[in-house]
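Q: No letters, just coordinates:
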């Protein structure tokens with residue numbers, strides 16, 4: 001089950017980005033930081049239970065992955081130190097707590113978030129590599145809808 005969830009995450013990045021019609025990554029030299037925000041009800045109850053995640057119509061997950069490209073075109077998922085926050089239009093700020101999910105030689109980071117219907121959230125995510133002292137700052141916005 002865990003392996004199936006991890007294998008589906010890259011598809012989730014592209015599906016969520018296509019639905020939003022926005023780019024789902026930002027580039028920093030040889031690095032790309034992929035990001036997505038999706039309703040927690042997208043997860044099956046079994047997967048949510050495995051990772052101790054709360055499913056709910058007003059619950060979302062922020063998904064972050066750091067990828068490095070090599071000169072020969074290969075890519076590698078990297079471990080990172082992820083921090084960040086969301087902020088709504090009323091300037092209410094929520095710190096995000098990311099959990100790491102590892103599978104073979106890649107890592108993903110998820111943070112839960114509660115929201116209200118049609119809330120526009122602005123995200124600022126800092127991604128620090130183990131070999132880079134300066135974090136990459138990723139900024140994006142997302143309008144979230146309660147899953148009915």
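A: On my side now, so go ahead. For clarity, every value in this text was computed on a predicted model and none was experimentally measured. Residues are numbered from 1 along each chain as shown.
Q: How about the residue in this structure that sits furthest from its center?
A: Within the chain, the residue lying farthest from the chain centre (CA atoms, centre = their mean) is residue 72, at 26.8 Å.
Q: next one: phi and psi at that residue?
A: Residue 72 has phi and psi values of phi -90, psi 10 when expressed as degrees, to the nearest 10.
Q: Quick check: the gap between it and residue 37.
A: The spacing between residue 72 and residue 37, counted by CB to CB, to the nearest Å, is 32 Å. The way it works is simple: take the backbone N, C-alpha and C, and place the C-beta from them, glycine included.
Q: Check what pLDDT the residue minimising distance to the centre of the chain gets.
A: The residue lying closest to the centre of the chain (CA atoms, centre = their mean) is residue 63, at 1.4 Å. Looking at residue 63, its pLDDT is 96.
Q: So it is in contact with residue 37, correct?
A: Yes. Residue 63 is within contact range of residue 37, at 7.3 Å (criterion: CB atoms under 8 Å).
Q: quick one: terminal-to-terminal distance for stretch 93-113?
A: Taking CA to CA, to the nearest Å, stretch 93-113 runs 12 Å from one end to the other.
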